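Engineer: coordinates only, sequence not included:
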């Protein structure tokens, strides 16, 4: 299963640009009929000053 490794790499890349909690990045693979959907949900911090 590649999802844990993918999630770790996403955390590393996103962290270069935005300070984000690794727990706020969710990766999920859903199978529906004849296709698969990769869903990535990232909760970004509030950027307001």
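Structural biologist: Perfect, I can see it now. Computed from a prediction, not measured in an experiment: that's the story for all the values here.

Engineer: Walking through this protein, point out its helices one by one.
Structural biologist: 3-15 (DSSP state H).

Engineer: what stretches of it score poorly on pLDDT?
Structural biologist: Applying pLDDT under 70 to the chain flags the ranges 48-49.

Engineer: so where do the strands sit in it?
Structural biologist: With DSSP state E as the criterion, the chain has strands at 25-32, 35-42.

Engineer: And the last one, what does it pack against?
Structural biologist: When contacts are defined as 3 or more C-beta pairs under 8 Å, 6 or more residues apart in numbering; DSSP states H and E, strand 35-42 packs onto helix 3-15, strand 25-32. Yep, even glycine has a C-beta here, placed from its N, CA and C like the rest.

Engineer: With distance to residue 18 and mean neighbour count added, can I get the strands of the chain in JSON lines?
Structural biologist: Below are the strands of the chain laid out as JSON lines (distance: least, C-beta to C-beta, whole Å; neighbours: other C-beta atoms under 10 Å):
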{"stretch": "strand 25-32", "distance to residue 18": "11", "mean neighbour count": "12"}
{"stretch": "strand 35-42", "distance to residue 18": "9", "mean neighbour count": "10"}
